[in-house]
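Chemist: Need a 3D model of the following:
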Amino acid sequence: MLAVTLVLLWLTARAVGIQALVAGGQVLTPLTVFAALLAGLIVALTQAIRWKILAAEQRINLSFRRAWGDCYASAFGNMILPGGLGGDAARVAVYRHRGRQHWWSPLLAVGAERLSATACLFIATALVLGVSAERGEAQWPVVIVAAVAAVVFLAAAIVCLRGLPAPRQVIVWGTSALSVLTLIALFLLAMAQLSGPLHAPVATVGLASMSLPVGVGGWGVREFSVGALAPAMGVPAEQAVTAATGYGLLAVVSTLPGAAVLTWGARRRAVQQGSTKAEAERDQNAQTPVDEERQA
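Modeler: From the prediction side, this is the model:
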């Protein structure tokens, strides 16, 4: 997967120049870092709402605080592990013995949570590209591909949400839409910080490409996709690639609290294991004199 990322970045650099990638680093300022962390907070909170509801439907009861921590940790795992799904796979593994059916229950809950957001993302992509095509700024074949993908993900999400009460489905879809809008806003912020035009089609295509389970953290596939499709979206490829790179950096920043969650969890487990071991030793020492008296 890392090789895929490197190859795609190399191909992108060959096509538009390495400077288009390097220029994305200018996106990092105190203001944009704060905005990225705020966007990550909003996404984690809305995702936690979905995760808690969908997990409860599979009889996996979680506190909101636990669900929130799970989502932050998953986002960070998805960012640093190959394929962009490592964090979600770890979430399934953690809850593999809970729910109605081992493995299947957490898999269904995580899948429904991810698919609802992905469906909203591709619906937004198709709508934005459609409006752009009406203005003559985008080509219709790109719109059709996005629309087909939206239908596929929407159908899959509906199947996974089958049986969930209507009010809860409204919450799931509403929080999914809010998550997507937050990410699009962060992408547009990267464009604004880099002094480029605010081009919504580039933002949605860049985000949609990150749904492909290739590479690491969306790197490579995001830059290559917007660079390759830039002419079809009516925008210079160099600007699209720079914006995608800038967003990628802000996306990494937005998931950094997940590293703190994982570190805190590992430390707490180590303390608990140490306490359990100490108690076991005390119990053993307490029993030893009694055993010696009996032997005497």
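Chemist: In the stretch 51-200 of the chain, what residue spans correspond to helices?
Modeler: Secondary structure of the stretch 51-200 of the chain (DSSP state H, counting those that start in this stretch): helices at 64-80, 86-94, 104-134, 140-160, 166-193, 200-209.
Chemist: Next, work out how far apart residue 45 and residue 72 are.
Modeler: Look at residue 45 and residue 72: by C-beta to C-beta, to the nearest Å, they are 10 Å apart. Glycine gets a C-beta too; all of them are placed from N, C-alpha and C.
Chemist: okay, those two: which has more neighbours?
Modeler: Legend: neighbour count by other C-beta atoms under 10 Å for residue 45 and residue 72, higher for residue 72 (27 against 18).
Chemist: which ones are touching the more buried one?
Modeler: Taking C-beta atoms under 8 Å, 6 or more residues apart in numbering as the criterion, residue 72 is in contact with 40, 44, 255, 257-258, 261.
Chemist: got CSV for those, with secondary structure, neighbour count and pLDDT too?
Modeler: Shown next, in CSV, are these (DSSP: H, G, I helix; E, B strand; the rest coil; neighbours: other C-beta atoms under 10 Å; pLDDT from 0 to 100):
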residue, secondary structure, neighbour count, pLDDT
40, helix, 25, 97
44, helix, 26, 97
255, helix, 24, 97
257, helix, 18, 95
258, helix, 24, 95
261, helix, 19, 92
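Chemist: Among these, which one lies nearest to residue 166?
Modeler: Using C-beta to C-beta, residue 44 comes nearest to residue 166 of the contacts of residue 72, at 25.5 Å.
Chemist: tell me the contacts of the closest one?
Modeler: By C-beta under 8 Å, 6+ apart, the contact set of residue 44 is 68, 71-72, 75, 257.
Chemist: and which of these is nearest residue 54?
Modeler: Using C-beta to C-beta, the contacts of residue 44 come closest to residue 54 at residue 71, 11.7 Å.
Chemist: pLDDT averaged over the helix or strand harbouring residue 14 - what is it?
Modeler: For residue 14, the enclosing helix or strand under DSSP states H and E is helix 2-16. Per-residue pLDDT over helix 2-16 has a mean of 94.
Chemist: what's it packed up against?
Modeler: helix 18-22, helix 221-233, helix 237-295 (3 or more C-beta pairs under 8 Å, 6 or more residues apart in numbering; DSSP states H and E).
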